[in-house]
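Student: Curious how this folds, go ahead:
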Amino acid sequence: MAVYRSDHHHSEPTAKERILTAEQEELLDLYLQKLDTFFEELKEAEKTEVAIETLHLKRILSGKKE
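Tutor: Below you'll find the model as predicted:
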């Protein structure tokens, strides 16, 4: 993922168009990957929580004791 100053259609930006160094871009890519992973795990955790709460409410409504 390259970050540029302008939206030129070059395959490789010139030094003036580049905002981040190559190392900074690599770090940004790693950070974004970790962020994506975090949000995917968060979504899965929320699904699990909803499933547990649903099961709990079904037990309450059916009158069964846990």
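Student: what about the residue nearest the centre of the chain, distance to residue 30?
Tutor: When Cα atoms, centre = their mean is applied to the chain, the residue found nearest the centroid is residue 36 (2.2 Å). In this view, residue 36 and residue 30 are 11 Å apart by Cβ to Cβ, to the nearest Å. C-betas here are computed from N, CA, C, even on glycine.
Student: So which residues of this structure form helices?
Tutor: Secondary structure of the chain (DSSP state H): helices at 22-62.
Student: For it, give me the ranges with low pLDDT.
Tutor: 1-13, 15-16, 64-66 (pLDDT under 70).
Student: so how far is residue 18 from residue 24?
Tutor: Counting by Cβ to Cβ, the gap from residue 24 to residue 18 is 10 Å.
Student: More neighbours: these two, which one.
Tutor: residue 18 (16 against 12; other Cβ atoms under 10 Å).
Student: any idea how far the more buried one lies from residue 29?
Tutor: 15 Å.
Student: ok, residue 42 - how many residues close by?
Tutor: Around residue 42 there are 10 residues (other Cβ under 10 Å).
Student: Equivalent analysis for residue 20, please.
Tutor: By other Cβ under 10 Å, the residues close to residue 20 number 14.
Student: so how far is residue 60 from it?
Tutor: Distance of residue 20 to residue 60, given as Cβ to Cβ: 53 Å.
Student: How about residue 46?
Tutor: With Cβ to Cβ as the criterion, residue 46 and residue 60 are 21 Å apart.
Student: can you check residue 23 too?
Tutor: Counting by Cβ to Cβ, the gap from residue 23 to residue 60 is 55 Å.
Student: Kindly report the same for residue 28.
Tutor: 47 Å.
Student: Look at the two and report which has more neighbours.
Tutor: Higher neighbour count among residue 28 and residue 60: residue 28, with 14 against 11, using other Cβ under 10 Å.
Student: Could you check how far that one is from residue 35?
Tutor: Applying Cβ to Cβ, the value for residue 28 to residue 35 is 10 Å.
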